[in-house]
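Student: Everything below, folded, please.
(one chain, ligands or ions: 1)
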Amino acid sequence: MQEIVDSIYHEMRARTERGKVANYIPQLACVDPNQFALTVVTQDGQVFNAGCAETLFSIQSISKVFTLTIALGKMGDTLWTRVGREPSGDPFNSIVQLEHEGGIPRNPFINAGAIAVADAVMGHNAPKETLAEILHFVRFVANDDSISIDEKVAQSEMKTGSRNASLAHFMASFKRLDNPVDSVLGTYFHHCSISMSTEQLAKAGMFLVSNGTNHCTGVRVVPEHRARRINSLMLMCGHYDGSGEFAYRVGLPGKSGVGGGILAIAPGKASIAVWSPGLDKIGNSKLGTEALEMLVQRTGWSIFGN
Ligand SMILES: NC(=O)CC[C@H](N)C(=O)O
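Tutor: So this is what the prediction gives:
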């Protein structure tokens, strides 16, 4: 496995076409696009790293996997009265479907859906308490208490977040949010601003590899059926309007973020985190996707076979 991971790293280092870093969040625009990291944690807990696997980056929308897990833990299937579970086929920050569909976002991974999930996680708590809860959960699943929120990124998102504010106000106009728009947005921007390394992120995904139990720690995080369902949502919706392409090329449940990270789950095999800040047109990591495509070709890990 180390050989495979190293060879992918060397191929990726040589690439000159690396995509474009997200520039609509100024703090992300300053990230050096030449960085690359890949971590594979196999089901038995062995860790294989290549590149800057300890460098922290903004996990952005990958955090939506964790907030979804928390929301399902709190309210179970009632969550699905607030948000759907269908791929949207539209960009991650799109507002078009919201009007036709009465303010109920298509799925928990597009921005509108994640804002609805943040509201659900809040219950009647303040953003501060909610963020403490989210951070506690992420630290628990990654088994790492050093994980934290990058306040500079959060402030940067807040200042330039008019589109997300529009989505939240639009949902509020349909009475779909329980909490004040500003509190929900503050919570959303901050959970997107969690910083992690690929090693921390791959470890955090371990509970989705083994039917809800993290084999690194031996702790059950969610019941079996929930892990299966979260994986299916990641497969169908985790890359927005690029989810079909990702399923075709990689064939694993995966969640991307505009920071250039991707968490991919090979059920029963491994949790994989990759980071390369340059994005494709849809907003998914360009080299991250290529690296995962190579990894499944060399391991046969696609859920659809070789
Ligand atoms: N795709 C993403 O990672 C988007 C998350 C980002 N925080 C936003 O709201 O725009």
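Student: near the ligand, anything from whichever helix or strand Thr289 is part of?
Tutor: Take DSSP states H and E as the rule and Thr289 turns out to sit in helix 286-299. No: Helix 286-299 lies out of reach of the ligand by CB under 6 Å from any ligand atom, never closer than 12.4 Å. The way it works is simple: take the backbone N, C-alpha and C, and place the C-beta from them, glycine included.
Student: List the buried residues of that helix.
Tutor: Buried residues in helix 286-299, counted by 16 or more other CB atoms under 10 Å: Lys286, Leu287, Gly288, Thr289, Glu290, Ala291, Leu292, Glu293, Met294, Leu295, Val296, Thr299.
Student: swap in stretch 151-170?
Tutor: Neighbour-count burial for stretch 151-170 flags Val153, Ala154, Ser156, Glu157, Met158, Gly161, Asn164, Leu167, Ala168, Phe170 (criterion: 16+ other CB under 10 Å).
Student: same for the ligand: which of these are within range?
Tutor: Among those, the residues within reach of the ligand (CB under 6 Å from any ligand atom) are Glu157, Asn164.
Student: So which of the buried residues of stretch 151-170 sit within helices?
Tutor: If you go by DSSP state H, the buried residues of stretch 151-170 have Val153, Ala154, Ser156, Glu157, Met158, Asn164, Leu167, Ala168, Phe170 in helices.
Student: by contact count, what packs against the helix holding Thr289?
Tutor: Packing partners of helix 286-299 (3 or more CB pairs under 8 Å, 6 or more residues apart in numbering; DSSP states H and E): helix 2-13, strand 37-42, helix 243-249, strand 261-266, strand 270-275.
Student: nearest to Thr67, of the ones you listed?
Tutor: strand 261-266 (13.6 Å; CB to CB).
Student: what's the average pLDDT for the closest one?
Tutor: In this model, strand 261-266 has a mean pLDDT of 98.
Student: contacting residues around that strand?
Tutor: For strand 261-266, the surrounding residues in contact (CB atoms under 8 Å, 6 or more residues apart in numbering) are 57-60, 62, 65, 196, 198, 201-202, 204-205, 208-209, 231, 234, 250, 252-256, 271-275, 284-285, 288-289, 292, 296, 299, 301, 303.
Student: That strand close to the ligand?
Tutor: No: using CB under 6 Å from any ligand atom, strand 261-266 stays clear of the ligand, with a minimum separation of 8.8 Å.
Student: Can you tell me the strand partners of that strand and which way each runs?
Tutor: Using DSSP bridges, strand 261-266 pairs in its sheet with strand 254-256 (antiparallel), strand 270-275 (antiparallel).
Student: Now it: buried residues?
Tutor: For strand 261-266, a neighbour-count test (16+ other CB under 10 Å) marks Gly261, Ile262, Leu263, Ala264, Ile265, Ala266 as buried.
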